[in-house]
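> model the following, please.
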Amino acid sequence: MSTEDPRFAGVARLYGIEGLERLKAAHVAIVGVGGVGSWAAEAIARCGVGEISLFDLDDVCVSNSNRQLHALSSTIGRDKVEVMAERLRQINPDCTVHAVADFVTRETMAEYITPDMDCVIDCIDSVNAKAALIAWCKRRKIQIITTGGAGGQIDPTLIQVCDLNRTFNDPLASKVRSTLRRDYGFSRTVTRHYSVPCVFSTEQLRYPKPDGSICLQKSFVGDGVKLDCAGGFGAVMMVTATFGMVAATKAVDKIVAGVRRPSEKVKAKQDPHPSPLPEGEGTKS
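Next comes the predicted model:
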């Protein structure tokens, strides 16, 4: 086996030359470039993907240092997507990297998530935005990998992947499911597959108590249990990075397997705005 690109020769020796060529021709979007998304973006770039779109409105803050790849003393205050884009271009100068300093929401979806994308990696921590992105991609037959909550956990060996409708012990995934069923017509049948792979953990969540100790019962905490700069769940890189790496793995697997064939991409480009589903009808694949 030989390849003209020594930078990714190791990738070709794993996935084959054809697999590497598919990766080079692929366009992957990472929505949310934080504790999970920054690591997913790094992995995608190091697999030789030819086009990457990064979406996040936040800047790097010092409290990101425990879990986010781009958080350095020299990058505090800068846009996350710009810092990450610079890094990805250094990894692969031939990669086209789009750094979009904005959130992907229901209102911006049509502009940002386009049918030419081979795969979307969802690393959003907002329930409503997450559900809107999943519904958008499913209706337009864009491959999407979603991630559950990565905060409040310390054991990366408990991370696994299953269909979004089959996750358990993950409050974020549960809320996203409920929103998809209520607002987007997704099936309420528990045995139904949504065909949306979800990276999640089975670990019992660890809640911070006001006195600085840790508890395994939610009743000891207030309303804030988000993974953010202001407080809430704690997080460590070993877990958030593993979430990102597993999500990137699933995306690469789909691309190499040719789940989205080139002919389908051409068709998608010709019809970028398919008709929406009727009210009350949803994805029941």
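> give me the element residue 57 is part of.
Using DSSP states H and E, residue 57 maps to neither a helix nor a strand.
> okay, and the nearest residue to it once chain neighbours are set aside sits in which element?
Distance criterion Cβ to Cβ, 6 or more residues apart in numbering; nearest residue to residue 57, sequence neighbours excluded, is residue 103 at 4.7 Å. Backbone N, C-alpha and C define where each C-beta goes, glycine included. Using DSSP H and E, residue 103 sits in no helix or strand.
> number of residues surrounding residue 103?
Look at residue 103: counted by other Cβ atoms under 10 Å, it has 17 neighbours.
> can you check residue 113 too?
Neighbours around residue 113, by other Cβ under 10 Å: 21.
> against residue 54, how distant is it?
Look at residue 113 and residue 54: by Cβ to Cβ, to the nearest Å, they are 13 Å apart.
> which neighbours do these two have in common?
residue 29 (Cβ atoms under 8 Å, 6 or more residues apart in numbering).
> which stretches of the stretch 1-150 of the chain form strands?
27-31, 51-55, 96-100, 119-122, 143-147 (DSSP state E, counting those that start in this stretch).
> which residues does the residue nearest to residue 37 when sequence neighbours are not counted contact?
Sequence neighbours aside, residue 123 is the residue nearest to residue 37 in space, at 3.5 Å (criterion: Cβ to Cβ, 6+ apart). By Cβ under 8 Å, 6+ apart, the contact list for residue 123 reads 30-34, 36-37, 40, 147, 243-244, 247.
> can I get those residues in JSON lines with neighbour count?
Converted to JSON lines, those look like this (neighbours: other Cβ atoms under 10 Å):
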{"residue": "30", "neighbour count": "32"}
{"residue": "31", "neighbour count": "26"}
{"residue": "32", "neighbour count": "28"}
{"residue": "33", "neighbour count": "31"}
{"residue": "34", "neighbour count": "27"}
{"residue": "36", "neighbour count": "35"}
{"residue": "37", "neighbour count": "31"}
{"residue": "40", "neighbour count": "31"}
{"residue": "147", "neighbour count": "29"}
{"residue": "243", "neighbour count": "25"}
{"residue": "244", "neighbour count": "30"}
{"residue": "247", "neighbour count": "28"}
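> now, among those, which is nearest to residue 212?
residue 34 (24.6 Å; Cβ to Cβ).
> mind listing what that closest one touches?
Counting by Cβ under 8 Å, 6+ apart, residue 34 has contacts 56, 58, 64, 67-68, 80, 123, 125, 240.
> and the residues you listed as a markdown table, adding pLDDT?
Below are those laid out as a markdown table (pLDDT from 0 to 100):
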| residue | pLDDT |
| --- | --- |
| 56 | 98 |
| 58 | 98 |
| 64 | 97 |
| 67 | 97 |
| 68 | 97 |
| 80 | 98 |
| 123 | 99 |
| 125 | 94 |
| 240 | 99 |
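> give me the spatial nearest neighbour of residue 81, chain neighbours excluded.
residue 99 (4.0 Å).
> that neighbour: how many residues sit nearby?
20.
> kindly report the same for the one 5 residues further on.
Counted with other Cβ under 10 Å, the neighbours of residue 104 add up to 27.
> also residue 128?
So residue 128, with other Cβ under 10 Å, has 14 neighbours.
> was I right about it contacting residue 176?
No: contact status for residue 128 versus residue 176: not in contact, 9.0 Å apart, counting by Cβ atoms under 8 Å.
> which of the contacts of residue 123 sits closest to residue 109?
Closest to residue 109, out of all of those and judged by Cβ to Cβ, is residue 31, at 10.1 Å.
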